[in-house]
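Peer 1: Starting from these lines, generate the structure:
(4 chains)
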There are 2 protein chains.
Amino acid sequence: MSNKTIEDIENRIAFLLKRNDLSVTESRRKILHLFLEQPGALAHGDIERKAGEKFDRVTVYRTLQAFVDKGIIHTIPTADNSIRYALCKDDCSAGHHHDHHVHFVCTHCNNTYCLDDVVTPEIKLPKGYHAEHVEVVVEGICKNCRLSM
Amino acid sequence: MSNKTIEDIENRIAFLLKRNDLSVTESRRKILHLFLEQPGALAHGDIERKAGEKFDRVTVYRTLQAFVDKGIIHTIPTADNSIRYALCKDDCSAGHHHDHHVHFVCTHCNNTYCLDDVVTPEIKLPKGYHAEHVEVVVEGICKNCRLSM
DNA sequence: TATTAAAAAGCAACATAGTTGCAAAATAAT
DNA sequence: ATTATTTTGCAACTATGTTGCTTTTTAATA
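Peer 2: Below is the predicted model of the structure:
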């Protein structure tokens, strides 16, 4: 990993925060860093463990909430009732997430991935029902785990 | 509501419990009753409020867990991280739920419904991913709320 | 760069959610 | 009716999430 990459990440962090009218603080930089340095989603617990030694629990909650509000990250509901958070693609605006992609939870490594290229299908509902948002979570075995089996 | 109906429900409760090797206890009858007397799903909180005055919190947890294990009810993940529970159709066996239907959460009345006739669509995943289970939750306005708007 | 207003962090206290071990009570089998 | 088994209730505990308030940090200004 070159110095360049680290600088890139730091720049992207500063850009993301400034663009969303969030002041640049240590905890926000640290937590954004966690999201940017890996591909999957993070559960609150993960974040607390990785950043919680430096920051108060409450700060982690408030930081994540701020990121969700601003459209920097989005939540992924899972069957075990532990919300995961993942970075939004660049075009989510404050309060208006439009992450119409499918989420994948690996039952083997327990990682969660955004399948950005898989769009949620049209669901034909019974008469009278009106859909506003469709959430699709697929459970199964991910790419990496399949290779190492 | 006729006496007949109430007897029917009681009979169905006894049948469901016996078939799943669960002894017939007051809390199990009461909680099953809650599910049978209404169409939607119930959150843990709902159940605790409606049955919790008579039974200990722990009993509610254990009862729901037993029902899930036996395939009497299934869980529905929702975006607000509050698991809902709903009755399974008759053919779920212990440890093997096959509820391949879509769930609907009304953003107006906040009720959750199993759309038993709407099956989950096939999701075409990227190479390497293997699907085991697909969960689809649709948020929007339900039949009843639409009529009263 | 120093000053200051605004925002965020940390702390404490609290509320809710979920778990475990064990003794008492209820159920089911005999 | 008696007894073995299962379930319940209780207490204590861990984890998760929230709120009010004070201190610290950030960013805007002189």
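
Peer 1: anything in the longest helix seen in chain A near DNA strand C?
Peer 2: For chain A, the longest helix by residue count, based on DSSP state H, is helix A:3-19. No - Helix A:3-19 is not in contact with DNA strand C by Cβ under 7 Å from any atom of the strand; minimum separation 8.8 Å. Placement of C-beta: from N, CA and C, glycine included.

Peer 1: quick one: contacts of that helix?
Peer 2: Where contact means Cβ atoms under 8 Å, 6 or more residues apart in numbering or on different chains, the residues beyond helix A:3-19 that reach it are A:23, A:24, A:28, A:29, A:32, A:33, A:36, A:37, A:72.

Peer 1: cutoff 7 Å now
Peer 2: With contact meaning Cβ atoms under 7 Å, 6 or more residues apart in numbering or on different chains, helix A:3-19 is reached by A:24, A:28, A:29, A:32, A:33, A:36, A:37, A:72.

Peer 1: Likewise for stretch A:111-118?
Peer 2: Stretch A:111-118 has contacts (Cβ under 7 Å, 6+ apart) with A:39-41, A:76, A:78, A:84, A:86, A:89, A:101-105, A:142, B:123-126.

Peer 1: Narrow these to those that are buried.
Peer 2: A:40-41, A:76, A:78, A:84, A:86, A:101-105, A:142, B:123, B:125 (16 or more other Cβ atoms under 10 Å in any protein chain shown).

Peer 1: so how many other residues sit close to the closest residue to residue A:108 other than its chain neighbours?
Peer 2: Distance criterion Cβ to Cβ, 6 or more residues apart in numbering or on different chains; nearest residue to residue A:108, sequence neighbours excluded, is residue A:145 at 4.1 Å. As a burial measure, residue A:145 scores 18 neighbours (other Cβ atoms under 10 Å in any protein chain shown).

Peer 1: Which positions in the one helix or strand residue A:145 maps to come out as buried?
Peer 2: In the assignment (DSSP states H and E), residue A:145 maps to helix A:143-147. Neighbour-count burial for helix A:143-147, counted by 16+ other Cβ under 10 Å, picks out residue A:145.

Peer 1: Which other helices and strands does that helix contact?
Peer 2: Of the remaining helices and strands, none touches helix A:143-147 by 3 or more Cβ pairs under 7 Å, 6 or more residues apart in numbering or on different chains; DSSP states H and E.

Peer 1: In chain A, where's the longest strand?
Peer 2: Using DSSP state E, we find that the single longest strand of chain A is strand A:130-141.

Peer 1: Tell me the gap between that one and the middle of its chain.
Peer 2: Its chain's average C-alpha position is 15 Å from that of strand A:130-141, according to Cα atoms, centre = their mean, to the nearest Å.

Peer 1: Identify the neighbouring strands of that strand in the sheet and state each direction.
Peer 2: strand A:101-106 (parallel), strand B:130-141 (antiparallel) (DSSP bridges).

Peer 1: Among those, show me which one is buried the most.
Peer 2: strand A:101-106 (a mean of 24; mean count of other Cβ atoms under 10 Å in any protein chain shown).

Peer 1: Pairing partners for the next helix or strand after that strand, with directions?
Peer 2: Next helix or strand after strand A:101-106 toward the C-terminus (DSSP H and E): strand A:112-119. Sheet pairing of strand A:112-119 (DSSP bridges) gives strand A:101-106 (antiparallel).

Peer 1: still on that earlier bit, tell me the gap between the longest helix of chain A and the middle of its chain.
Peer 2: A distance of 17 Å separates the centroid of the chain from that of helix A:3-19, by Cα atoms, centre = their mean.

Peer 1: send the alpha carbons of the longest strand of chain A over as CSV?
Peer 2: Written as CSV, here are the backbone C-alpha positions of strand A:130-141 (Å, rounded to 0.1, in the frame of the first residue of the first chain):
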residue,chain,number,x,y,z
HIS,A,130,-48.7,0.7,-3.0
ALA,A,131,-44.9,0.2,-2.9
GLU,A,132,-42.5,2.9,-1.9
HIS,A,133,-39.3,1.0,-1.3
VAL,A,134,-38.2,-2.5,-1.9
GLU,A,135,-35.5,-4.1,0.2
VAL,A,136,-33.9,-7.3,-1.0
VAL,A,137,-31.4,-9.2,1.2
VAL,A,138,-29.9,-12.4,-0.2
GLU,A,139,-28.3,-14.9,2.2
GLY,A,140,-25.8,-17.4,0.9
ILE,A,141,-22.2,-18.1,0.3
